[in-house]
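Asker: the sequence and its predicted three-dimensional model are supplied below.
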Amino acid sequence: MRSTSISKRLVIESVDAADVHFQWCWEFLRTPRKKLKSRQAIFDFQVRLTTAFERLCTTYRAIKAAERRLIGRKSLYSAEWFDNRMAQLAQYRNVIIEALGIGRCLGDGFAWVFYRNEPALLEQHAMHQRQLLLPPGIGGIGERAFVEKLQGFEGNFVIYHGITSILRLGDVSFYDPSSGKIACVGELKTKHMGEDQYQIALGIVAGDEKSLVIPPVDAANDEQAIPLEPGVRETLNRQVKQISAAFTNKKKSKDDVRIDMKTQFHHGILAQVVGKSETRVVRFRQAGSGLTIGAWRPRKISSLGRRLMRKTGPREKALKPVQDAALAILSNELDDNCLFVSSLGNHDSGYPPMLTGTDPFFWWPLDAHILYDIIFGYVIVMTAFNPAHLWAELRKRGFTVVVDKRSRVTTIHKEINGRQMEVKNFDYFHQAVQHGLLSEEAALEIFDTWIDNAVTAAGTQSAKYGVRLRLHLHG
């Protein structure tokens, strides 16, 4: 695919081709449970979503190749033409990235059905880096073939990690229907044997001996099997050790102190704002002292590719209410007012919005049509957040809150029983309020409960405690 072939039309066609599979996957996931889903349809979900990803990844790589060629020939073009073309290619690339994010939103919704009872293992996945693209060439062929041809292997369901954002450790998981648990996690390595033959090596780690999918062997039982190259085997061994460590840490988490609390979210306000959204202006509604939620519904376009391609254009009139909404959450009584504005349900990073320890955005407790409009870009949701209200509440509790010039909390500390308590990573609470719509009152209640338990557990000793929030949105 040459540079001249990278066009707006090609990008739109790629996204719309992927969207055919996205729509099928959406309908599959949103089908009421009383309607029987066939075994084959469950298998087809991942194959269809993988097909969509393959098309998008191919187009993305073609765009990147065109950018590299253009940079290599920069001296042949005028500065103005070069800058314009590079900006155009960047826009095309961003459209593909956002489409991948929509696909992963669906993939996360699917994977959650099997992983929802594995919060500790999900935390281990979250510690690893996400991969934007599926592997190219032979690696991608092997992963697709494994998922497509080996479903139901030894009675287990194979979950493909590449089409999700929440599964990052290894390439596949094996779900055991009888236990409702993830039995094993595996890493795949593929070797081309010639013509249409490929050899797939599977490095697998089980949660325990009873969960092992296949009995361990010292050597391949196929005489034609070719050993992995030393470098590939070394990589596989390292990745398998990472998976093994994850299962070990999962077992250790059983000893963690658990505190169960009911929390409040602003999903109802989000639903109301989206329901009343229109094309002319952004309609905002305040959700707590420091948060406001707004929605804007652009002119309807049926093509996903064209929706994502649509240029922002002048939106001064549409965004005018943002100023009034911001004033509502700024307080004259606070010295460190600040404002963080972002989109909710935005996929422009290539990944769906999700905080570690929370349910995927796909399963938020919203009506299907509201979720659909947000995920597929028919409505734009904005949040404006002033964390100074939270900081003021912490200061009322005797904490010293230090904020830098960028309005980021650097430290929170307080003297308790003659000892200094320091709280780190408070930014998680900011994210939970602005992006997870956790109410500020609930955030403070969680914080207070955690502090009380930490002080009680420490007694008169110096101690360090970590806290992992698991914010479940459904009962």
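Answerer: Structure's in. What do you need? Numbering: from 1, shown residues only.
Asker: which stretches in the stretch 201-350 of the chain count as helices?
Answerer: 230-252, 267-275, 304-309, 316-319, 321-329 (DSSP state H, counting those that start in this stretch).
Asker: weakest of those helices by average pLDDT?
Answerer: Among those, helix 316-319 has the lowest mean pLDDT, at a mean of 54.
Asker: ok, back up a step: so can I have TSV of the helices of the stretch 201-350 of the chain showing distance to A41?
Answerer: Just so you know, the C-beta spots here come from the backbone N, C-alpha and C atoms, and that holds for glycine as well. Below are the helices of the stretch 201-350 of the chain laid out as TSV (distance: least, Cβ to Cβ, whole Å):
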stretch	distance to A41
helix 230-252	29
helix 267-275	29
helix 304-309	22
helix 316-319	41
helix 321-329	43
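Asker: deepest-packed of those helices, please.
Answerer: helix 304-309 (a mean of 20; mean count of other Cβ atoms under 10 Å).
Asker: the stretch 1-150 of the chain: helices as residue ranges?
Answerer: Counting by DSSP H, counting those that start in this stretch, the helices of the stretch 1-150 of the chain are 8-30, 39-72, 79-115, 119-126, 137-149.
Asker: relative to T164, which of those helices is closest?
Answerer: Of all the helices of the stretch 1-150 of the chain, helix 79-115 sits nearest to T164, with 4.2 Å by Cβ to Cβ.
Asker: what residues sit buried inside the closest one?
Answerer: Across helix 79-115, burial judged by 16 or more other Cβ atoms under 10 Å covers 82, 85-86, 89, 92-112, 114-115.
Asker: over to stretch 425-432?
Answerer: F426, Y428, F429, H430, Q431, A432.
Asker: go on, stretch 181-195?
Answerer: For stretch 181-195, the neighbour count (16+ other Cβ under 10 Å) marks K181, I182, A183, C184, V185, G186, E187, L188, K189, T190, K191 as buried.
Asker: can I get stretch 270-283 in CSV? Just the C-alpha atoms.
Answerer: This file holds the C-alpha atoms of stretch 270-283, laid out as CSV (Å, rounded to 0.1, in the frame of the first residue of the first chain):
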residue,chain,number,x,y,z
LEU,A,270,-25.3,11.1,33.4
ALA,A,271,-28.4,9.3,31.9
GLN,A,272,-30.4,12.5,32.3
VAL,A,273,-27.8,14.7,30.7
VAL,A,274,-27.4,12.4,27.7
GLY,A,275,-31.2,12.0,27.4
LYS,A,276,-31.6,15.8,27.1
SER,A,277,-28.5,16.4,24.8
GLU,A,278,-29.0,18.3,21.6
THR,A,279,-26.9,19.6,18.7
ARG,A,280,-26.8,23.3,19.4
VAL,A,281,-25.2,23.5,22.8
VAL,A,282,-23.6,21.4,25.6
ARG,A,283,-26.1,20.9,28.4
